[in-house]
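**Q** Sequence plus the predicted model coming up.
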Amino acid sequence: MRLSQLLEKCKIVAIHGEENVEVENITSDSRQVQKGSLFIAVEGINTDGHDYIGKAIEQDVQVVVYDKPMFEEYFSRVTYVQVENSAIALAQIASAWFGNPSEHLKLVGVTGTNGKTTVATLLHRTFRTLGYGAGLLSTVANYVNDDSFPTTHTTLDPITLNAFLRKMVDAGCQYAFMEVSSHAIHQKRVYGLRFEGGVFTNLTQDHLDYHKNMLEYRNVKKAFFDSLPESAFAITNSDDKNGAVMLQNSVARKYTYSVKGMGDFKARIFEKHFDGTEIEINGKELIVQFVGVFNVYNLLAVYGTAVLLGQQPDELLRILTLLKPVAGRFQTLRSPAGFTAIVDYAHTPDALTNVLNAINEVLEQRGDIITVVGCGGNRDKTKRPLMAREAVELSNKVILTSDNPRFEEPQDIIDDMVAGLDDEQRRTTLSIVDRREAIKTACALAKPGDVILVAGKGHEDYQEIKGVKHHFDDKEELEKIFHGLLPNTLNS
Ligand SMILES: CC(=O)N[C@H]1[C@@H](OP(=O)(O)OP(=O)(O)OC[C@H]2O[C@@H](n3ccc(=O)[nH]c3=O)[C@H](O)[C@@H]2O)O[C@H](CO)[C@@H](O)[C@@H]1O[C@H](C)C(=O)N[C@@H](C)C(=O)N[C@H](CCC(=O)O)C(=O)O
Ligand SMILES: Nc1ncnc2c1ncn2[C@@H]1O[C@H](COP(=O)(O)OP(=O)(O)OP(=O)(O)O)[C@@H](O)[C@H]1O
Ligand SMILES: N[C@H](CCC[C@H](N)C(=O)O)C(=O)O
Ligand SMILES: [Mg+2]
């Protein structure tokens with residue numbers, strides 16, 4: 001592609017060298033540079049792409065895009081483009097490289113602390129059921145219609161992201177649903193994409209390792225709605241205290257959904273069961289196969305978004321009754337011994353509170369709740385004591401264990417969790433570093449009628465320890481115990 005075409009939307013400060021060149025490939029990673037590449041140097045968190053410009057030049061790069069004025073001499077065979085902001089230019093160049101695919105799709109972005117995967121996935125399933133070509137970019141997997149592809153991030157880097165959107169356009173998709181993480185907004189991964197709509201789920205504590213404080217975290221999320229065009233719609237949860245704030249400066253068409261108060265899309269909850277919930281949406285009664293008040297919010301967000309995309313309300317309500325939980329989100333497994341296990345991705349204090357409240361509300365035969373939970377390493381440390389406290393206050397027994405320790409010592413993470421407990425709570429809480437042992441112990445302790453919540457890893461099929469991902473799947477572990485492949489005893 002011609003360089004001029006790629007730079008069409010970029011804010012250029014200066015160009016040195018030949019402008020009329022053909023680019024063979026684009027990358028922001030010097031390790032991926034090939035002959036004829038355009039390399040975009042982006043300042044990161046660990047390192048700075050500008051430090052690798054020399055390496056890129058050694059590999060016969062054609063064009064270097066950068067934003068730090070740091071050159072004293074230029075190599076004549078390379079074209080240098082200084083832009084105002086490299087991260088923004090990366091998103092713009094990536095979009096141009098793939099033919100601006102977001103402009104050929106009705107693209108909806110879902111943001112918020114919890115519920116993004118659930119809402120985006122259910123939207124994708126709804127639109128597939130309605131017969132549309134539709135894609136999905138989510139934490140669990142990416143989809144082009146019904147073809148699934150593994151993913152690395154909740155929101156991909158701009159090049160991979162635009163490559164997927166292109167695949168969707170080429171496969172005839174009319175709609176695309178994607179999660180928009182706060183990291184992605186902050187790092188400009190979604191900059192310049194044309195959104196048809198934005199959805200806000202909720203805002204509670206997470207990622208305070210990355211964002212300085214809750215105010216900054218909130219403002220980053222809000223920036224997504226500030227960036228939507230007038231032609232887009234923005235739909236927010238008006239029961240969340242930050243719901244209105246998200247939309248206050250947005251020029252998009254604004255809509256609300258609510259369970260507790262007034263809203264353009266409104267739900268009421270009648271009966272809560274272990275297998276589903278009886279609800280009313282905009283005056284029509286239905287039974288959905290989801291548990292927990294939080295899932296009523298998720299379904300309402302799906303319904304509202306689909307209506308705003310022009311779909312027929314009655315047909316949508318029919319589809320809502322058919323939808324099933326997303327992988328690793330409140331996934332229920334019944335043991336032959338008569339207890340139930342729930343695998344859930346709750347990895348924030350609010351998610352854990354919600355899921356435990358939901359279990360308490362539908363608990364059969366007054367059984368006990370046994371919670372197995374850990375916290376991720378190299379992530380927000382301040383959520384650890386809060387998660388431990390929520391777990392202990394809403395369960396009968398808690399086993400603290402490891403999640404993905406990453407580069408931290410697992411016992412240190414558990415110690416941070418224990419710090420949230422009082423003396424009495426510490427005495428009655430178990431700590432078992434090995435997650436497999438922790439799950440085995442919970443199963444050995446469970447009586448018929450009890451519920452074991454295995455929280456934090458949901459769909460993940462690995463445990464990340466010191467940079468290596470080891471196969472580990474909570475559901476698989478439980479099934480092995482249930483089917484006698486792992487002994488269900490305390491001292492095995
Ligand atoms: C903290 C964070 O978000 N980091 C992301 C960021 O990496 P970084 O800023 O550390 O990059 P860096 O290593 O400093 O490198 C800077 C630049 O130098 C380049 N480089 C580097 C080395 C080299 O030899 N040559 C070279 O050119 C790199 O390609 C990069 O362009 O940019 C990378 C490329 O896009 C991401 O892969 C990386 O995600 C890391 C792996 C990560 O774990 N991110 C998580 C926290 C994340 O993004 N999570 C959210 C979900 C959060 C939620 O649950 O809500 C997500 O969207 O997935
Ligand atoms: N609307 C909601 N409000 C609060 N908690 C929720 C909501 N929806 C889901 N949860 C809880 O949060 C967990 C994660 O849900 P989900 O994967 O849909 O969120 P997410 O925003 O995509 O998370 P991530 O930031 O990791 O991508 C669920 O397993 C559940 O415990
Ligand atoms: N997207 C989230 C997922 C957390 C999942 C949990 N299992 C952990 O590893 O902390 C993050 O990267 O913070
Ligand atoms: Mg997600």
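**A** Arrived safely. Ligands and ions are numbered 1, 2, ... in the order given.

**Q** The longest helix along the chain near ligand 2 at all?
**A** Here the longest helix in the chain is taken by residue count, with DSSP state H as the criterion, and it is helix 293-308. Yes: using CB under 6 Å from any ligand atom as the criterion, contacts between helix 293-308 and ligand 2 involve F294, Y297, N298. Just so you know, the C-beta spots here come from the backbone N, C-alpha and C atoms, and that holds for glycine as well.

**Q** what's the answer for stretch 327-343, then?
**A** Yes: Stretch 327-343 reaches ligand 2 (CB under 6 Å from any ligand atom) through R329.

**Q** Tell me the spacing between S431 and T126.
**A** When CB to CB, to the nearest Å is applied, the distance between S431 and T126 equals 42 Å.

**Q** I'd like the distance from the longest helix of the chain to the chain centre, please.
**A** For helix 293-308, the separation from the chain centroid amounts to 17 Å (computed by CA atoms, centre = their mean, to the nearest Å).

**Q** more crowded one of S431 and T126?
**A** Here S431 and T126 are set side by side on neighbour count (other CB atoms under 10 Å), and the busier one is T126, at 25 against 19.

**Q** surely that one meets L299?
**A** No: the pair T126 / L299 is not scored as a contact, 10.0 Å apart, by CB atoms under 8 Å.

**Q** Give me the common contacts of those two.
**A** With contacts defined as CB atoms under 8 Å, 6 or more residues apart in numbering, the residues adjacent to both T126 and L299 are L320, L323.

**Q** Single out the residue in the stretch 151-300 of the chain that lies closest to ligand 2.
**A** Among the residues of the stretch 151-300 of the chain, F294 lies nearest to ligand 2; the distance is 3.7 Å by CB to the nearest ligand atom.

**Q** quick one: that residue from I359, how far?
**A** 12 Å.

**Q** go on, A87?
**A** Applying CB to CB, the value for A87 to I359 is 42 Å.

**Q** With neighbour numbers in mind, choose between the two.
**A** Set side by side, A87 and I359 show more neighbours around I359, with 24 against 21, by other CB under 10 Å.

**Q** Can you tell me the element that one falls in?
**A** Applying DSSP states H and E as the criterion places I359 in helix 349-362.

**Q** The helix or strand just after that helix - what's its average pLDDT?
**A** Sequence-wise, the next helix or strand downstream of helix 349-362 (DSSP H and E) is strand 369-373. The average of the pLDDT scores along strand 369-373 is 98.

**Q** and strand 369-373, is it in reach of ligand 3?
**A** No: against ligand 3, strand 369-373 shows no contacts by CB under 6 Å from any ligand atom, the least distance being 10.3 Å.

**Q** then that strand to PDB, C-alphas only?
**A** Included here for strand 369-373 are C-alpha records, laid out as PDB according to Å, rounded to 0.1, in the frame of the first residue of the first chain:
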ATOM      1  CA  ILE A 369     -21.500 -22.300  50.400                       C
ATOM      2  CA  ILE A 370     -17.900 -23.200  50.200                       C
ATOM      3  CA  THR A 371     -15.800 -20.700  48.200                       C
ATOM      4  CA  VAL A 372     -12.400 -21.400  46.600                       C
ATOM      5  CA  VAL A 373     -10.800 -18.100  45.500                       C
END
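
**Q** and the residue in the stretch 351-492 of the chain that ligand 1 sits nearest to, what does it touch?
**A** Of all residues in the stretch 351-492 of the chain, R379 sits closest to ligand 1, at 7.6 Å by CB to the nearest ligand atom. For R379, the set of contacting residues under the criterion of CB under 8 Å, 6+ apart consists of H207, D209, R406.

**Q** May I ask which of those residues has the most neighbours?
**A** Each of the contacts of R379 was scored by neighbour count (other CB under 10 Å); the top score is that of H207, with 19 neighbours.

**Q** Could you double-check that that residue lies in contact with H186?
**A** No: taking contacts as CB under 8 Å, H207 lies outside contact range of H186: 9.7 Å.

**Q** Okay, now the unreliable bits of the stretch 51-200 of the chain?
**A** Applying pLDDT under 70 to the predicted model, the residue ranges of the stretch 51-200 of the chain that meet it are 71-75.

**Q** Strands of that one, start to end?
**A** For the stretch 51-200 of the chain, the strands defined by DSSP state E, counting those that start in this stretch cover 63-66, 79-83, 106-111, 134-137, 142-144, 147-149, 175-179, 197-200.

**Q** got the CA positions of the first one in PDB?
**A** Taking C-alpha atoms only, strand 63-66 is exported to PDB below (Å, rounded to 0.1, in the frame of the first residue of the first chain):
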ATOM      1  CA  VAL A  63       9.400   3.600   6.900                       C
ATOM      2  CA  VAL A  64       9.800   4.600  10.600                       C
ATOM      3  CA  VAL A  65       6.900   6.400  12.300                       C
ATOM      4  CA  TYR A  66       7.700   8.000  15.700                       C
END
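
**Q** Give me the contact list for that strand.
**A** By CB under 8 Å, 6+ apart, the list of residues contacting strand 63-66 from outside reads 3, 10, 21, 23, 37-41, 49-50, 53, 56-57, 78-83, 86, 89-90, 93.

**Q** try it again with 6 Å
**A** In this structure, residues lying in contact with strand 63-66 by CB atoms under 6 Å, 6 or more residues apart in numbering are 3, 38-41, 50, 53, 78-81, 83, 89.

**Q** V398: which of the residues of helix 293-308 next to ligand 2 is nearest?
**A** Within the residues of helix 293-308 next to ligand 2, the smallest distance to V398 is 20.7 Å, found for F294 (CB to CB).

**Q** Can you name the residues that contact that closest one?
**A** Residues near F294 by CB under 6 Å, 6+ apart: N354.

**Q** run the last query once more with 7 Å
**A** Listed by CB atoms under 7 Å, 6 or more residues apart in numbering, the contact partners of F294 are G115, N354.

**Q** tell me which element A234 is part of?
**A** Following DSSP H and E, one finds A234 within strand 233-237.

**Q** So what's the gap between the helix or strand following that strand and the chain middle?
**A** Proceeding N to C from strand 233-237, the next assigned helix or strand is helix 243-247, under DSSP H and E. Relative to the centre of its chain, helix 243-247 is centred 20 Å away, using CA atoms, centre = their mean.

**Q** what helices or strands is helix 243-247 leaning on?
**A** Identification of packing neighbours for helix 243-247 by 3 or more CB pairs under 7 Å, 6 or more residues apart in numbering; DSSP states H and E yields helix 214-226, strand 233-237.

**Q** Out of these, the one nearest E460 is which?
**A** When the helices and strands packed on helix 243-247 are compared for distance to E460 using CB to CB, the nearest one is helix 214-226, at 23.1 Å.

**Q** in that closest one, what's buried?
**A** Neighbour counts over helix 214-226 (16 or more other CB atoms under 10 Å) mark Y217, R218, V220, K221, K222, A223, F224, F225 as buried.

**Q** need the contact list for the first one.
**A** Contacts for Y217 (CB under 7 Å, 6+ apart) come out as S182, H207, H211.

**Q** Could you tell me how far it is located from A120?
**A** Relative to A120, Y217 is positioned 20 Å away (CB to CB).

**Q** Understood, closing this out.
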